[in-house]
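Q: missing the sequence, but the structure's below:
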């Protein structure tokens, strides 16, 4: 009798890929990824807030900075988040383990734990020679200037410690999806982070006919610096080209053209019902090659996923750009806005005191400048209220102030302390706004006074005080008699100007009138 052998398969196999959510925003994103499911990756949430960790469905949790924060969070301070990660760096190394080859670090930048701790965790992973990829979000514009400045600094620190960093601009989602409710806006940001992590991880973990392994991904992303990624799905006629075009125009790319990238990682997944055709594969690869340029090295893989049905998905990761994708230095360009027309004014005209930055077009040109304090503007003497020329527009009023105190172009080197610059700007803006409010109040009072004068004048000129006797006289006596105009008497119409007598030798009545007869009947 032949012997049979039983092999015990391990119940748990640690993945070589770990996805770490750092801070509140990163943990929310990883919770969303965990619920959506990414094949063969291990999820970890890392936070200073013990209460937030307990609410996470992910079993692998790491509380950092227990001695520093006592589990109460970082209080929106990146410095506290950084020190918390340094305090728990041995726990972080142990969490990464020996089997890990690739680490995704996801965080919502601008807060405390994610902004401060994510670069430290990335540095620890990089020191362990792990392929480290950062996938982070920049805050919405409505979250405030301070948070945007903190996010800029956190992303700059993260780029120094990661092989590749993908930055998702939340304001791009607002441009694409419109005016969403707050909860849906943040949920959409989590969806984009999930798409990014899933798109990269499953290139490795999902086998395909043309397989892309971990070393292929490492070739593209190791030491690549900034990267862009796009992912899209399409089905029906022309699905291959449409999926490739939508991937290139994906919001993940932040309007960045892939032209100039040295390496392109291309993943194509199709369903079993409608497998990818050779012509479709040729169409996609040629389109991506044309967009990236002839010098770009394109590494592509193809696999089948039963969940795709008749659709096809294309994921593009572009790295190795010679020039930075985003500029980290804040711009000093200013736009002068007319307060009444709300239109920009050229610099060669009178300059109003209010200065507004243009809408940000990239993450690091966030548009929050901190001008250094200028000399306080003296009160403007009011002219006599009776002078109508004193009623001027808000633009003219502020222009006169600007003639005496010129606006200075202030660069980022003006003051190194962002809090001092913000406080000085706030004080100055409050001062100028109060002056403008006083001017508007003066203008409003002047207009009200002129309106009262016009009303009184109309009432005095229109009041005739007509009596009943005057009305009777006007009705009975003709106007020409009241004005004493003399008229000559005219003969009545019943009298004829033609004589009935013929003046000749025979004095008699004419007989040639058929209406007149000598004998009356």
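A: Nice, thanks for sending it over. Since this is a predicted model, take the numbers as computed values, not measurements.

Q: residues contacting residue 219?
A: Residues in contact with residue 219 (Cβ atoms under 8 Å, 6 or more residues apart in numbering) are 263, 299. Where you see a C-beta, it was placed from the backbone N, CA and C, and this is true even at glycine.

Q: which stretches of the stretch 351-500 of the chain have low pLDDT?
A: Within the stretch 351-500 of the chain, the segments meeting pLDDT under 70 span 351-419, 461-468, 495-500.

Q: if we use 50, what do you get?
A: Per-residue confidence for the stretch 351-500 of the chain (pLDDT under 50) gives these ranges: 351-415.

Q: downstream of the helix or strand harbouring residue 133, the next helix or strand is which one?
A: Secondary-structure assignment from DSSP states H and E places residue 133 in strand 131-138. Beyond strand 131-138 on the C-terminal side, the first helix or strand identified by DSSP H and E is helix 145-161.

Q: okay, how far is it across stretch 33-53, tip to tip?
A: Terminal residues of stretch 33-53 lie 16 Å apart, using Cα to Cα, to the nearest Å.

Q: circling back to that earlier point, in its sheet, what does the strand holding residue 133 sit against?
A: Each strand paired with strand 131-138, and its direction, by DSSP bridges: strand 102-108 (parallel), strand 164-169 (parallel).

Q: tell me the mean pLDDT for the last one?
A: Averaged over strand 164-169, pLDDT sits at 86.

Q: could you give the angle of it to helix 145-161?
A: 160 degrees (axes from the mean of the first three to the mean of the last three Cα atoms, to 10 degrees).

Q: what of the first one?
A: Taking the same axes, to 10 degrees, strand 102-108 and helix 145-161 form an angle of 170 degrees between their directions.

Q: next structured bit after strand 102-108?
A: Once strand 102-108 ends, the next helix or strand along the chain (criterion: DSSP H and E) is helix 113-127.

Q: what's the offset of that following helix from the middle of its chain?
A: Distance of helix 113-127 from the chain centroid (Cα atoms, centre = their mean, to the nearest Å) equals 29 Å.

Q: so what secondary structure elements neighbour it?
A: The elements that helix 113-127 packs onto, with contact taken as 3 or more Cβ pairs under 8 Å, 6 or more residues apart in numbering; DSSP states H and E, are strand 17-22, helix 23-36, strand 42-47, helix 78-87, helix 89-96, strand 102-108, strand 131-138, helix 145-161.

Q: residue 456 falls within a helix, correct?
A: Yes: Residue 456 sits within a helix when classified using DSSP: H, G, I helix; E, B strand; the rest coil.

Q: mind listing what's buried in the strand or helix carrying residue 192?
A: Mapping residue 192 onto the secondary structure by DSSP H and E places it in helix 182-205. Buried positions in helix 182-205, judged by neighbour count with 16 or more other Cβ atoms under 10 Å: 185-186, 188-205.

Q: just stretch 434-443 next, same as before
A: By 16+ other Cβ under 10 Å, the buried positions in stretch 434-443 come out as 435, 436, 439, 442, 443.

Q: from the middle of its chain, how far away would that stretch be?
A: 31 Å.

Q: repeat that for stretch 163-176.
A: 12 Å.

Q: can you put the strands paired with strand 131-138 in a markdown table and add mean neighbour count?
A: As requested, the strands paired with strand 131-138 are arranged in a markdown table below (neighbours: other Cβ atoms under 10 Å):
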| stretch | mean neighbour count |
| --- | --- |
| strand 102-108 | 29 |
| strand 164-169 | 24 |
